[in-house]
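# Give me the fold of what follows.
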Amino acid sequence: MLEQKKSTNPLIALILLLPAILFGHTVFAQGNDPLSSGQLAGNSLQDYIEYALIHNPRISAAASEAESQRNQITISSSLPDPMAMSNFGFGSGYGIGVTQRVPFPTKILTERRAAIQMLDRQEARLEQIRSDIVAEVVEAYSHLYSAKRMHTILNDNLELLKFLEDNVRVRYTVGGAPQSELVRIQVEMTRAEDAIQSNKLNIDSYKQKFAAVLGTEDVSLILVDAESEFVPGITGTDEEIIVRVLSENHTLQMMESELDAAGTMVSLARQQYLPDFEVGTEYMGGGGMDGSWSVGLKMSLPVWVRRNQAEVQQASDIKESVRKNREEVTNQIRAKAVSIVNELRDSKRKVELYTDVLIPQAAQVVQLTQTDYRTGSSGIMELIDSQRTLLQLEEQIIAEQLRVKKAESELIRLTGVNR
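Down below sits the predicted model:
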């Protein structure tokens, strides 16, 4: 396994957990970006993350929406189109002119500020989607990796059962073992072969889901194997992780931008008491008279106070609604972060229990039972049961390791990690 990057700061380690967790990462060659040509640089977790960040269509769609909002800044800062006019009398007189509506200057500035704040929201949404994609890649990678590991374990178990069957068959041939032992071992082999077939279908399904997250139909790009060590990668105290979630969560940043924009719209509503202007110029000629120019200025009269008051109240109500929603979402995210951290700690504890205690003990029981079986102190069922227990524990540790990675992928979504 490639060496992981070290960090003296646990919070930085959390940000960089993606390339550090699970299996290490491959460093891209300087000045060469094979991702732009649709090819993976390797088959490490980091390689798949980089590929998905470029090719997943959900990210492209969100980026287009952010660019659209960026154009809205120019639109909101622009004056309305001027109006051209002309008039002709029954005689020979005529007139031509142009007028331009000019909102009160602070209104234009306020509308521009609101557009910028909504751009901040769209950019935060884009980053949240990027974090979601990274989390989905981690989860898809973890599912496929776990299935590949399970495939290896199931095949090793089947090979052991075949070895036992050969021994039992020899003993049965010479009368040293009853036929029931041979049948029992064959039943166990059939169960093992069935589990392998089911696992193969799981692997195919996980590949399809993984390819969809990457933004491709080419499952040949999915080259995850089970040879790398499964290394938990989250560091930092529970409180540090939760603080980071609340300070860097992109959903909360989106709602903060929405709240700022709502406050700006309240300010804009209050400016409805300010007048707008219309300036124009007109040329009159014909009818035997010399032509003449005139310049005019019109001003709106915001006399409908109740309507203006209603607009201010409406904008204020929207701002209060956004503020309350943000409080609710903050509480939900805090509770979810605590729940995920507890899930992570529990699954890590169980991984250590299986790794350090249960699996070594179960493996020792299998060895002792094999010895007892060879010496005739125990029957084939005791040996099968001990091997089945070891297999179950190996399945459980894979499930717990997958649980670790699923918890980490949820933390990726909450902390806004997008690399």
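# CA only for contacts and neighbour counts going forward, please
OK.
# a strand runs through residue 295, doesn't it?
Yes: applying DSSP: H, G, I helix; E, B strand; the rest coil, one finds residue 295 inside a strand.
# Any idea how many residues pack against the residue lying closest to it once chain neighbours are set aside?
Counting by CA to CA, 6 or more residues apart in numbering, residue 295 lies nearest to residue 281, which is 4.3 Å off, once chain neighbours are set aside. Using other CA atoms under 10 Å, residue 281 has 16 neighbouring residues.
# which SSE is residue 281 in?
Assessed by DSSP states H and E, residue 281 sits inside strand 277-286.
# tell me which residues in that strand are buried?
277, 280-282, 284-285 (16 or more other CA atoms under 10 Å).
# got it, and stretch 48-55?
48-55.
# Let me know the closest of those residues to residue 313.
residue 53 (42.6 Å; CA to CA).
# My read is that that closest one contacts residue 130, right?
Yes: assessed by CA atoms under 8 Å, residue 53 is found in contact with residue 130 at 6.7 Å.
# Between those two, which contacts overlap?
residue 59 (CA atoms under 8 Å, 6 or more residues apart in numbering).
# List the buried residues of stretch 70-82.
By neighbour count on 16+ other CA under 10 Å, the buried set for stretch 70-82 is 70, 72-73, 76-77.
# For these, could you give me CSV that also reports distance to residue 290?
Below are the buried residues of stretch 70-82 laid out as CSV (distance: CA to CA, whole Å):
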residue, distance to residue 290
70, 50
72, 46
73, 46
76, 42
77, 40
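# Those residues in helices, which ones?
Mapping those onto helices (DSSP state H) picks out 70, 72-73, 76.
# Now flag whichever of those is closest to residue 190.
Set against residue 190, the nearest of those by CA to CA is residue 70 (62.3 Å).
# And the residue nearest to residue 295, how far from residue 252?
50 Å (CA to CA, to the nearest Å).
# Likewise for residue 275?
Taken as CA to CA, the span from residue 275 to residue 252 is 37 Å.
# With neighbour numbers in mind, choose between these two.
Comparing residue 275 with residue 252 by neighbour count (other CA under 10 Å), the higher total belongs to residue 252, at 23 against 15.
# Would you list the phi and psi of residue 78?
phi -100, psi 150 (degrees, to the nearest 10).
# Identify the residues contacting the residue nearest to it when sequence neighbours are not counted.
Among residues not flanking residue 78 along the chain, residue 108 sits closest, at 7.8 Å (CA to CA, 6+ apart). Contact partners of residue 108, counting by CA under 8 Å, 6+ apart, are 76-78.
# quick check, nearest of the residues you listed to residue 336?
Checking those against residue 336 with CA to CA, the nearest one is residue 76 at 38.4 Å.
# What is the neighbour count of residue 171?
Residue 171 has 16 neighbours, counted by other CA under 10 Å.
# how far away is it from residue 293?
Counting by CA to CA, the gap from residue 171 to residue 293 is 120 Å.
# Could you do residue 352 as well?
For residue 352, the distance to residue 293 - CA to CA - is 90 Å.
# hmm, back to that, quick one: strands adjacent to the strand holding residue 281?
The pairing partners recorded for strand 277-286 under DSSP bridges are strand 94-102 (antiparallel), strand 289-299 (antiparallel).
# which residues are in contact with the longest one?
Counting by CA under 8 Å, 6+ apart, strand 289-299 makes contact with 275-285, all of which sit outside it.
# rerun that using 6 Å as the cut-off
276-285 (CA atoms under 6 Å, 6 or more residues apart in numbering).
# Format those residues as a markdown table; extra columns: distance to residue 404 and pLDDT.
Shown next, in a markdown table, are those (distance: CA to CA, whole Å; pLDDT from 0 to 100):
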| residue | distance to residue 404 | pLDDT |
| --- | --- | --- |
| 276 | 61 | 94 |
| 277 | 63 | 94 |
| 278 | 65 | 94 |
| 279 | 67 | 94 |
| 280 | 70 | 93 |
| 281 | 73 | 93 |
| 282 | 75 | 90 |
| 283 | 78 | 87 |
| 284 | 81 | 84 |
| 285 | 84 | 78 |
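# Throw those residues into CSV and include distance to residue 159, thanks.
As requested, these are exported to CSV (distance: CA to CA, whole Å):
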residue, distance to residue 159
276, 86
277, 88
278, 89
279, 91
280, 92
281, 95
282, 97
283, 100
284, 102
285, 105
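# ok, of those residues, which one's closest to residue 324?
In terms of CA to CA, no member of the contacts of strand 289-299 lies closer to residue 324 than residue 276, at 33.9 Å.
# what's the closest non-adjacent residue to that closest one?
Residue 276 sits nearest to residue 103 (CA to CA, 6+ apart), 4.5 Å away.
# picking up where we left off before, what's the most distant pair in the buried residues of strand 277-286?
Using CA to CA, the buried residues of strand 277-286 span at most 26.4 Å, a distance reached by 277 and 285.
# could you dump the ones in helices among the buried residues of stretch 70-82 to CSV with distance to residue 155 and pLDDT?
Below are these laid out as CSV (distance: CA to CA, whole Å; pLDDT from 0 to 100):
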residue, distance to residue 155, pLDDT
70, 56, 94
72, 59, 93
73, 61, 94
76, 65, 90
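# out of those residues, which one sits closest to residue 185?
Using CA to CA, these come closest to residue 185 at residue 70, 68.8 Å.
# Which residue is the nearest non-sequential neighbour of the closest one?
Counting by CA to CA, 6+ apart, residue 70 lies nearest to residue 119, which is 6.1 Å off, once chain neighbours are set aside.
# Helix, strand, or coil at that neighbour?
Following three-state DSSP, we place residue 119 in the helix state.
# Tell me the spacing between it and residue 71.
9 Å.
# try residue 251
Note on residue 251: its distance to residue 71, by CA to CA, is 23 Å.
# swap in residue 81?
Using CA to CA, we find residue 81 at a distance of 17 Å from residue 71.
# Worst mean pLDDT across the helices and strands of the protein, which element?
None of the helices or strands of the chain scores lower by mean pLDDT, DSSP states H and E than helix 10-15, at a mean of 33.
# in the stretch 1-150 of the chain, which spans are strands?
Under the criterion DSSP state E, counting those that start in this stretch, strands of the stretch 1-150 of the chain are mapped to 83-88, 94-102.
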